[in-house]
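**Q** Fold the stuff below for me.
(one chain, ligands or ions: 1)
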Amino acid sequence: MPRLLVRGKSQPLNGTVKISGAKNAAVAIIPAALLAAAPVRIENLPEINDIRILVEIIEELGVQVSWESPSTLLIDASTLRKVQAPYELVKKMRASYYLIGALVGRLGCAEVPIPGGCDLGPRPIDQHIKGLASMGAKIVVEHGLVKVEGKRLQGANIYLDIVSVGATINIMLAAVRTSGKTVIENAAKEPEIVDLANFLNAMGAHVRGAGTDVIKVTGVDELRSATHCVIPDRIESGTYMIAAAASGGNVMLSDVIPKHLEPVTAKLREMGMTVDVFDDQIRVIGNCEPRAVNIKTFPYPGFPTDLQPLAMVLLTQAKGSSVISENVFEGRFKHVDELKRMGACVKVEGRTAIVTGCRRLSGAPVSATDLRAGASFIIAGLIAQGETVISQMDHIYRGYEKICEKFSALGAELEEID
Ligand code: UD1
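**A** Okay, the predicted model is just below:
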């Protein structure tokens, strides 16, 4: 498995970085394409392993795909026949559970292994199951498989007990071709859900309210061809914003939607950083020692949990102590032990981490415990004294397009080894 060598205390990051398409939108939109028995074109897909795996999975199911460019995919699901997703591929990515909603919506049944993905503590799928069951699906979870039988689903009123991105999307997918109206209350409001709704509507679906906490889906008989361009990745954007701030750099991000980044922009400004916002660009200038701030992660439009490990690295450099409350995932402090090995002073109590600032980090071998934790170690490595070697880089390549090239182009010194 490749490892990444990061040389610390190189020059501050400087230059422009182009942001790729959003992973979390793309991994929902590709399964959504299975709902149509007609060809669709998806543009601005990120070149990442999660997308490669997902494309392999849908090919296994009998779907025809062809790449028009490295980021544009043609999908023709008129040949979709199989409803059993292969374990060896599904175990590699969390979002493969969207195949449940898509296969049930199109063929009336699905057999999908319980998915893998990042280990962020317990990640139940009870809300997905509750939603599908309310629509009349019969669901059995046994031998590591989720088996769903739902030939005659009916629209239903579904109240989610927890705001869940995954459950909201899975229910939307199952509802698009189901007769009657499905109402999802306490739905997640993430921009990726809005992007999915826009794609579904472009195919002829009737989805209203995406981006609010009540989503209404009126079933249609069939869907048609469409072209869709995936929104920019707000988590990749946040990664380079935090990296720019932490390295004392000056970085312009291009191809972003600044509105999606408001929680990050606000926090960086609170720390004293300069953040200039343009139509589809953001410039971050790390021109000061960050002030200590408190961060509470919440579903959108709150501060994204996916950026919590990265913000923690920045706060190790702040004047004073900061408190981070992780309100989305129970077990999302697994990166802390690795950061401590680099000299960070972080005390975890339950879902709260107290970060003592003004720490001089020192390079060390660390293991990318999950996708975003891995990215946080790159930032830690860049601001540390000496060399950091990050193992388990596969986690990072699942979700970041050309991360080494993008950081190198900004002046970072890093190279893949092995
Ligand atoms: C998605 C994102 C992930 C992000 C997360 C929260 C994708 C592919 N992944 O993950 O990057 O960190 O949203 O913004 O889009 N829960 C339940 N029961 C359920 C479903 C969820 O208890 O049936 C809990 C989870 O354990 C978690 C919380 O709800 O504590 C939120 O999870 P959810 O929004 O579903 O996250 P994912 O869709 O897995």
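**Q** Need the CA coordinates for stretch 217-237. CSV is fine.
**A** This file holds the C-alpha atoms of stretch 217-237, laid out as CSV (Å, rounded to 0.1, in the frame of the first residue of the first chain):
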residue,chain,number,x,y,z
VAL,A,217,-41.4,13.1,-4.0
THR,A,218,-44.3,12.3,-6.2
GLY,A,219,-43.7,9.0,-8.1
VAL,A,220,-43.5,9.0,-11.9
ASP,A,221,-43.8,6.0,-14.3
GLU,A,222,-40.5,6.4,-16.0
LEU,A,223,-37.4,8.6,-16.3
ARG,A,224,-35.7,10.0,-19.4
SER,A,225,-32.2,10.9,-20.6
ALA,A,226,-30.5,13.9,-19.0
THR,A,227,-27.1,15.6,-18.7
HIS,A,228,-26.0,16.7,-15.3
CYS,A,229,-22.9,18.6,-14.0
VAL,A,230,-21.9,17.6,-10.4
ILE,A,231,-21.5,20.5,-7.9
PRO,A,232,-18.0,21.3,-6.5
ASP,A,233,-16.8,19.4,-3.5
ARG,A,234,-17.2,21.6,-0.4
ILE,A,235,-15.2,19.3,1.7
GLU,A,236,-12.2,19.3,-0.7
SER,A,237,-12.6,23.1,-0.7
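**Q** Going by neighbour count, which residues of it are buried?
**A** Counting neighbours by 16 or more other Cβ atoms under 10 Å, one finds that the buried residues in stretch 217-237 are 217-220, 223, 226, 228-237. The C-beta positions use only the backbone N, C-alpha and C, and glycine is treated the same way.
**Q** Repeat that for stretch 248-262.
**A** Per 16+ other Cβ under 10 Å, stretch 248-262 contains these buried residues: 248-253, 255-258, 260-261.
**Q** So which of the residues you listed are in strands?
**A** Secondary structure from DSSP state E places 250-253 of the buried residues of stretch 248-262 in strands.
**Q** For those, work out which two are farthest apart.
**A** Asn250 and Leu253 (11.6 Å; Cβ to Cβ).
**Q** And the pLDDT at the nearest residue to Glu56 once chain neighbours are set aside?
**A** Distances taken as Cβ to Cβ, 6 or more residues apart in numbering place Leu89 nearest to Glu56, at 5.6 Å, with adjacent residues excluded. For Leu89, the model assigns a pLDDT of 89.
**Q** Help me confirm that Leu89 is found in a strand?
**A** No: using DSSP: H, G, I helix; E, B strand; the rest coil, the secondary structure at Leu89 is helix, not a strand.
**Q** Can you pull the residues of the stretch 301-418 of the chain lying near the ligand?
**A** Contact residues (Cβ under 6 Å from any ligand atom) of the stretch 301-418 of the chain with the ligand: 305-306, 328-329.
**Q** Using a markdown table, please lay out these together with pLDDT, neighbour count and secondary structure.
**A** Converted to a markdown table, these look like this (pLDDT from 0 to 100; neighbours: other Cβ atoms under 10 Å; DSSP: H, G, I helix; E, B strand; the rest coil):
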| residue | pLDDT | neighbour count | secondary structure |
| --- | --- | --- | --- |
| Thr305 | 98 | 18 | helix |
| Asp306 | 98 | 25 | helix |
| Val328 | 96 | 21 | coil |
| Phe329 | 94 | 19 | coil |
